[in-house]
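> Structure of the sequence below:
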Amino acid sequence: MDLMGPVNGNLGYVLLRPRQDLNLLLDHVPKHNKTRIISYNNRNQCLSVLIYDTFHILQFPTSERDWERITKGFEVKCNFPNCLGVVDGKHVGIVPPPGAGSYFFNYKGYNNQVLIGIADSNYEFIYFNFGTNCHVSDGDVLQDTDFYDKLQNECLKIPESSDVKERKLPYVFVGDEAFSLRKDFLRPHNVKQLTRERKIFNYRLSRARRIIENVFGILVCKIWYI
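Numbering: from 1, shown residues only. I've put the predicted structure just below:
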């Protein structure tokens, strides 16, 4: 991969060889507020479309107002109030570097790395992390990110709580059973211990969580060899 730039301050170009691995691409996509133009040097423009449509608008929230705007989207579209974002992981096939041995090899019979993403209700990433090998669970991958460090240290400027049907409820992220339960991170109830109320909660949570699954589905459609 050739990285050309920066151009005009924040703009730059990444030229990719045909069918080059997604991990090389993601290594050069900004994780926060900067924007780059991505160009795919091939007749098939799938990677260029992916970056233009998805990652060029990746903006991590920097204020309480930004977070509240995200939660409004989940409340309207998913009937899940105070949701700051939905989290999940995706295993991405790679060509391992020389000498890697079985470090990236998984039980499904191919080499991969884990892409962890956080999305809002508009099917847009607000954060992603890529590069951990497949032998680590999604929850452990998340705990090894700068996002999780800031979440633990309360440095994300998340609002403390809000009134929902006359009850004070905290703002939370949402994930599946692979992630640890925290006061600011919810996961489904165990299916073996469900009451009527817990079934309703799981249903509401799954309505929100399916957004991140759909985001990865969109990636698969645009990059056919994930």
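> so where do the strands sit in the chain?
Counting by DSSP state E, the chain has strands at residues 2-7, 11-16, 39-40, 83-93, 112-119, 125-133, 161-164, 167-170, 172-174, 185-186.
> can you list the ones you listed in TSV and add mean neighbour count?
(C-beta placed from N, C-alpha, C; glycine too.) Shown next, in TSV, are those (neighbours: other CB atoms under 10 Å):
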stretch	mean neighbour count
strand 2-7	11
strand 11-16	18
strand 39-40	19
strand 83-93	23
strand 112-119	22
strand 125-133	19
strand 161-164	12
strand 167-170	11
strand 172-174	23
strand 185-186	20
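> Minimum distance to residue 198: which of the ones you listed has it?
strand 185-186 (12.1 Å; CB to CB).
> before we move on, back to that, let's have the strands of the chain in JSON lines, adding distance to residue 146 and mean pLDDT.
What follows is these, written out as JSON lines (distance: least, CB to CB, whole Å; pLDDT from 0 to 100):
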{"stretch": "strand 2-7", "distance to residue 146": "22", "mean pLDDT": "29"}
{"stretch": "strand 11-16", "distance to residue 146": "22", "mean pLDDT": "35"}
{"stretch": "strand 39-40", "distance to residue 146": "28", "mean pLDDT": "32"}
{"stretch": "strand 83-93", "distance to residue 146": "14", "mean pLDDT": "92"}
{"stretch": "strand 112-119", "distance to residue 146": "11", "mean pLDDT": "89"}
{"stretch": "strand 125-133", "distance to residue 146": "8", "mean pLDDT": "84"}
{"stretch": "strand 161-164", "distance to residue 146": "25", "mean pLDDT": "86"}
{"stretch": "strand 167-170", "distance to residue 146": "22", "mean pLDDT": "91"}
{"stretch": "strand 172-174", "distance to residue 146": "15", "mean pLDDT": "97"}
{"stretch": "strand 185-186", "distance to residue 146": "16", "mean pLDDT": "96"}
